[in-house]
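Undergrad: No letters, just coordinates:
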């Protein structure tokens with residue numbers, strides 16, 4: 001019977017509603033599945049559910065409405081109601097069109113997924129993650145990831161277990177539980193969330209790729225390492241460049257309209273990229289451009305380049321838990337710094353040198369087994385690891 005109901009729901013979808021939708025009914029103590037399903041329908045379902053955008057939402061425990069009354073009055077139910085229909089009403093091909101409820105025997109999908117299927121948005125990148133999350137959360141619960149790992153016989157480290165529990169407790173569903181102040185306010189919160197989610201996802205999957213296509217340029221800066229260079233104020237460019245749709249580009253260099261520049265690594269796909277020498281070069285060259293580099297190699301040690309000194313007054317070097325640099329930022333939306341004096345062309349050259357450890361100054365005698373020039377070498381102020389290695393392995397003892 002459940003299979004027939006699902007099939008009927010898909011088939012009947014082409015049939016128009018006799019009257020516009022005027023009211024949406026859902027259960028009391030609204031949960032994430034019901035809230036997201038209604039919010040999605042209101043945001044993008046007007047063509048499929050005429051009138052739903054302005055339809056009133058009502059939270060009920062039980063109702064005495066007949067299916068015919070729902071049809072006549074333009075009332076539709078989400079995530080509840082199938083249990084209140086008579087056997088005769090359930091057999092009506094219009095029933096699953098007016099009562100969209102996954103609590104039908106053996107239907108292993110959330111109401112959000114059912115609505116998404118009706119709207120044809122299940123596989124759209126804009127919606128896919130949210131739909132998948134709500135679906136598995138509603139059917140399996142917040143501990144589903146932990147359960148899957150256990151079923152696979154994987155021993156879960158205590159730190160990972162702790163983070164799974166925290167993410168479950170303070171994730172979207174947890175937040176909904178904490179802010180619950182009645183069904184109306186809870187739904188308003190969920191609706192605001194879905195609206196902002198749609199806005200950001202639309203920007204990410206539509207506006208950002210368009211911006212990259214129009215303003216970006218991809219440059220080979222080292223063997224097997226490309227960098228996207230772009231001047232834009234649009235958020236999300238580095239993140240999109242790391243995705244499959246964005247080409248999984250190793251590096252992204254973004255300059256905003258104020259002149260501030262951020263350099264990001266695609267850590268997930270290129271964990272071996274080391275920006276440490278790039279950071280040294282970029283900070284010292286910044287000081288040189290500002291005529292502040294006189295005696296920098298005497299004033300600062302290599303470690304100072306990553307600490308609170310004049311070296312990083314204009315650039316912030318961010319590292320992960322392992323101490324590896326994942327971004328170099330000349331300001332951000334959280335940290336206001338004076339814009340760099342380095343041009344994007346100069347930064348491109350810095351990346352070429354910093355990511356190619358076999359590049360030395362053309363006058364370097366160490367390459368021929370000679371004595372290191374030390375402070376007289378133009379590369380000395382940059383405190384590069386490659387120079388230290390060259391001095392210790394190639395200079396005469």
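TA: Sure thing, it's come through. The structure presented is a predicted model; accordingly, all values stated were derived computationally and were not measured. Numbering: from 1, shown residues only.
Undergrad: Verify the stated contact: residue 234 with residue 204.
TA: No. Counting by Cβ atoms under 8 Å, residue 234 sits too far from residue 204 to count as a contact (9.8 Å). Bear in mind the C-beta positions are built from the backbone N, C-alpha and C, glycine included.
Undergrad: neighbour-wise, which of the two wins?
TA: Between residue 234 and residue 204, counted using other Cβ atoms under 10 Å, residue 204 has the larger neighbour count: 21 against 17.
Undergrad: show me the contacts for the more buried one.
TA: Neighbouring residues of residue 204 by Cβ atoms under 8 Å, 6 or more residues apart in numbering: 236, 239, 240.
Undergrad: Specify the local secondary structure of it.
TA: Using DSSP: H, G, I helix; E, B strand; the rest coil as the criterion, the local structure at residue 204 reads helix.
Undergrad: low-confidence ranges in the stretch 151-300 of the chain?
TA: Counting by pLDDT under 70, the stretch 151-300 of the chain shows low-confidence ranges at 292-300.
Undergrad: mind listing the helices in it by residue range?
TA: When secondary structure is read from DSSP state H, counting those that start in this stretch, the stretch 151-300 of the chain shows helices at 158-170, 172-179, 183-202, 208-215, 237-241, 276-289, 296-299.
Undergrad: got the contact list for the third one?
TA: Identification of contacts with helix 183-202 by Cβ under 8 Å, 6+ apart yields 28-30, 32, 35-36, 38-40, 42-44, 57, 59, 125-127, 130, 172, 176, 179-180, 236.
Undergrad: Go through those residues and flag which are in strands.
TA: The strands in this structure, assigned by DSSP state E, contain 57, 59 from those.
Undergrad: Tell me which residue lies nearest the centroid of this protein.
TA: Of all residues in the chain, the one closest to the mean position by Cα atoms, centre = their mean is residue 239, 6.7 Å from it.
Undergrad: Do a quick rundown of the strands in this structure.
TA: Along the chain, the stretches classed as strands by DSSP E are 23-27, 56-60, 75-78, 99-100, 217-222, 225-231, 251-255, 261-265, 316-319, 325-329.
Undergrad: now the ones you listed as CSV including distance to residue 356 and mean neighbour count?
TA: CSV is the format used below for the strands of the chain (distance: least, Cβ to Cβ, whole Å; neighbours: other Cβ atoms under 10 Å):
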stretch, distance to residue 356, mean neighbour count
strand 23-27, 60, 22
strand 56-60, 60, 15
strand 75-78, 58, 24
strand 99-100, 59, 26
strand 217-222, 5, 16
strand 225-231, 9, 20
strand 251-255, 14, 24
strand 261-265, 16, 23
strand 316-319, 20, 17
strand 325-329, 17, 20
